[in-house]
Structures are given as structure tokens and as C-alpha cells.
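Chemist: model this:
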Amino acid sequence: MKKNSLINYNLSPDSLTGSISAIEGIKDAIALVNGPTGCRIVNAYMIYNQDKFVDYTADVSMLSDDFFLHQFRVPSTYLDEFDFIFSTEPKLIKILQRIDSNNYYKLIGVINTSATALIGDDIEKIILKSGFSKDFIVIESTGFVENIYLGFQKTLINIIEKLFSKNRLINKKYCFRKKTITKPNNNLINNCVNLIGFSLSQYNWFNDATELKLLLNSIGINVNIILCVDTSYKSLLDIPKADLNIVISEEYGSLLAEYFKENFGIPFLGLSKDIDEYLEVFTPIGFTFIEDFIEKISYQFKINKTDYKLARDRAKRRIFKALQGISGTRSVLKGLKFAIFADSYILYPMLRFLYEYLGLYPKIIGLKSIDCINTEKIKKYLEEKKLCTTILQYYNQLDIKKAFEVLEPDIIFGSAVEKNIMRLIKKNFAYINISLPEDYKTVLTHRPLMGINGVLTIVEELINNIKVINYNNYL
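Modeler: Now for the predicted structure:
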């Protein structure tokens, strides 16, 4: 049977998007897509909308040519059939010289698309021939059968290798003091950490990164580097100054954390197959995992929890009062069916918070990333709780539509994709955006999903959406 060309049978981006996100997450770096215009347009649009800092010096009136197409980010060589036959060199040299003339950029990452990788052009030789004077990396093939997470982490490792080699700080292994954690209460001395696992390809990263800095500051922990958003190229040299790496998202950070542990000697809190229990940390979403997050940090540093506990208890009181205000004795939230679609690092703690703390019932789980420790935890949790939950893996839009029609969730936690599919069914539903693509609701205030204020955001969104839907006609 012929597949419908309008149906996307792979809803997750590949490693090309991951590589672009890694490069563009560095403020003074630029990703150049060596390929047709169509290979960069979606990525350029996503990157431009996700970078909340917007601190570039480019003038849009100077970006009217074919390389940039009036967008600040992610130029391409806009290759056509002639270039695929006779070489990409002329267009590549032209854009390289133009970028080289801009003093703002300190690093360029040239990324071959899948089609361009087949041509066989020697990209590094072309860059040298152009007289390009700044640092560069070449991603000859991003591994197009790989996912966005591997593309992101492998590219970032490539960048770090380049930077440290240039500064003569590398000779196979980095020569820094080894920081080891052999048991709990080892108490590292500088109270300084790196946050690993943020990416421009994550929904709401800006608010979440800000929230976690506030949370850590409340217990006396300083954040050294947030990798890889709002980071300058040269500031990556400060990575070894931290005592500890904290992996915020398994998909975007576990490989990096292992790399830094092996080459820099920096231990990490996060998820790994071989990690000790007292170092295992999940994304701090919901009170249970926030408390665990703080507890595991207290094993490594001498911290003061007073301000954190005050903020946590204040949030719990506000949530209790708000829930009382809408439900009385009727338990409006309890038992409502929800569907959730997200990367597993968000999905697992969110699932537990919604089920355990708010009493919602999980009917559909759409795993946008699989084969992770978090996905194993999700399946084990559902089995232990004996929940009749449908798990979607490797799914497409038709799979989602069929699941919605049969299971009829009351609340959708996900992206604009799931929201628009549910609209086709013409059933009233509440919707909370927690993943990309976003629904482009303007958010100018501090509204994270992680941390204490993240709990308030989730509950606030849930209550307000349910009030609009007016379930059971008694709100």
C-alpha cells in the first residue's frame, strides 16, 4: 500500500538538527549547512525562535542574499543540481569569506547534508583554500540514521576537542586535577557546577535554565557553565573549573558527562548504566524529584537548605489553596485522563507528578526518545502501579489520532502536533505545551517546567485550561 506523503513516519529530528543546535547554542558560533536551502529552513526557523537572548550584531538588511534568506541564523550554500555535479566549492568559498569578514563570529561549523556527503568534496581543504581565519569544525556526515541527541553531543565534543587542542590543553587526555567522588558526603570545596543537557532544540530551555540557577543559588551553589545555551566559544575553556557536572536531561547530556569524567576527571550527577545510586539524578520536575535533586547535591557539597525549604513549602501552600478553590469536595482533577508526549527525561518525572501528586490518570504515553534509562523507568513504573496505559513508540500522526479516538484523553501534555490532531476529533480537551514544536503562545514572564516555579507553572496551566473546558459543568 502506498504511504501518504503528507504523513510523517518519523516525528523525531535526526542528527543534522542536533549538530546545528550544538553549534548555534554557542553565542559567537554559526552553523553553515552545506546543502540545498530546504535542509536549513526549518532548522533556521527553530533556532531563531528558540534563542531568547538575541544578542547578535547582524543587520537584517544585510542578509537579503541566498545564503541567509532574511534570517539571522543558519545560512546554507543553497546548492542546486549544477553544484552537485561540478562541486560545492565556489558557493562555499563565497559564504566562508563573508562570514570571516564579520568579527562577531569566533567559530564556524560546516555541516554536510546527507546528499552533499555523497559528493566527496574535501570540505576542510576548501575552507583552507578560502583563507578562512577563524576556528572551524567540519561535520562531514552527521550520521543521518542517528537521532538529534547523538548529533548534538557528538558535535559538541568535536567543538571542545578543537578548542582545547588549539589552546594546547590536550594531549590525548586532558591534564587537569582529578576530582573523584568515592562515597556520599565527600564534600567538594568550590560549590561550583556545570549544567549539562540544555539545548536550543528543547522547549522552554530559557526559563528552565534560569529556574535551575535560582534553585542552586538558593542552596549556595554557583553555576559555572550551562552547556550548551548562552555560552560563548572561549568560555568553554572554563568547563574544568567546576567541581561537579549535573546532567539535566539524559538524552542531551549523558554522553557528554561520561566524556568529561573520562577526559577532565569531573564527576557527575545524572543517569548512567554504571552510576552509583547516590549519584543518580533525574530531571527536577515535580516535588519528588526536586527533593531528590537537592538531596543528592547535599551529598557532594555543604549546603544550607533553609531558603529552598521556605520556597518549596510556600509553593505547596499556594497549590493546595488553588486546588481547594476549584474542586471543593468533588475532586475535579482527580481521575481525569491525560496523554503526554515528550522526551523521556521530561516524561518520567512529569508522569509521576501528575499521577501521584495531582491524581490524574495516564492513558497515553508518546515516547519521543527511547532506549534510555528513563524509558525503562517509565515502563517499570506503569507495571508496578498496574496502570492500563497505552505506550506509543515509533509512532506517526495516524497512530496518535487512533489512540485519541479510542482512549479520549481529557488533557494533552505535548506539542502543537498533538494539539492539532486532537482538534480534528472535535472533542473538548485541555492542552499544555511541554515540547516542540510549540504552539507559539507568547511567554514573556518566568514560566519554567523545572524546579519549584515549574511546579507552579504546571498546576496553573492545568487549572486554567480545565476551567475553560468546564468539565462536568460544575466548575
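
Chemist: wait, what's in contact with Tyr203?
Modeler: Ser415, Asn433, Ile434, Ser435, Leu436, Glu438 (CB atoms under 8 Å, 6 or more residues apart in numbering). For the C-beta atoms, the positions are set from N, CA and C on the backbone; glycine is no exception.

Chemist: Pick out whichever of those sits closest to Glu291.
Modeler: Set against Glu291, the nearest of the contacts of Tyr203 by CB to CB is Ile434 (21.0 Å).

Chemist: buried set for the one helix or strand Lys379 maps to?
Modeler: If you go by DSSP states H and E, Lys379 is part of helix 373-384. For helix 373-384, the neighbour count (16 or more other CB atoms under 10 Å) marks Ile373, Asn374, Thr375, Lys377, Ile378, Tyr381, Leu382 as buried.

Chemist: I'd like the residues you listed as TSV, with pLDDT appended.
Modeler: Output for those, formatted as TSV (pLDDT from 0 to 100):
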residue	pLDDT
Ile373	93
Asn374	95
Thr375	94
Lys377	95
Ile378	96
Tyr381	97
Leu382	97
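
Chemist: one step back: what's in contact with the next helix or strand after the helix holding Lys379?
Modeler: Remark: after helix 373-384, the chain's next helix or strand is strand 390-392, criterion DSSP H and E. For strand 390-392, the surrounding residues in contact (CB under 8 Å, 6+ apart) are 341, 363-367, 378-379, 382, 399-400, 403, 407.

Chemist: What mean pLDDT does strand 390-392 get?
Modeler: Strand 390-392 shows a mean pLDDT of 96.

Chemist: Mind listing the strands it pairs with, and their directions?
Modeler: If you go by DSSP bridges, strand 390-392 pairs up with strand 361-367 (parallel).

Chemist: Now do the partner strand against helix 373-384, angle only.
Modeler: Counting by axes from the mean of the first three to the mean of the last three CA atoms, to 10 degrees, strand 361-367 lies at 150 degrees to helix 373-384.

Chemist: Which parts of this structure are strands?
Modeler: Assigned strands in the chain, in chain order: 29-34, 107-112, 135-139, 170-171, 173-174, 192-196, 222-227, 244-247, 268-269, 337-342, 361-367, 390-392, 411-414, 430-433 (criterion: DSSP state E).

Chemist: who does Cys192 bridge with?
Modeler: Asn222.

Chemist: between the strands of the chain, which gets nearest to Phe152?
Modeler: That would be strand 222-227 among the strands of the chain, by CB to CB, at 10.4 Å.

Chemist: Contacts for the closest one next, please.
Modeler: Contacts to strand 222-227, defined as CB under 8 Å, 6+ apart, come from residues 25, 156, 190-198, 209, 212-213, 216-217, 231, 235-236, 238-239, 241-242, 253, 256.

Chemist: and the angle for that strand with strand 192-196?
Modeler: Computed by the same axes, to 10 degrees, the angle between strand 222-227 and strand 192-196 is 20 degrees.

Chemist: Distance from the chain centre to strand 222-227, please.
Modeler: Mean-position distance between strand 222-227 and its chain equals 16 Å (CA atoms, centre = their mean, to the nearest Å).

Chemist: Sort out which residues of that strand are buried, please.
Modeler: Buried, per 16+ other CB under 10 Å, within strand 222-227: Val223, Asn224, Ile225, Ile226, Leu227.

Chemist: Report how many residues lie close to Lys334.
Modeler: Look at Lys334: counted by other CB atoms under 10 Å, it has 12 neighbours.

Chemist: Please report how far it lies from Arg98.
Modeler: Distance of Lys334 to Arg98, computed by CB to CB, to the nearest Å: 60 Å.

Chemist: Next: Glu24.
Modeler: 18 Å.

Chemist: just Asp238 next, same as before
Modeler: According to CB to CB, Asp238 stands 30 Å off from Arg98.

Chemist: now do Phe287
Modeler: Distance of Phe287 to Arg98, computed by CB to CB: 51 Å.
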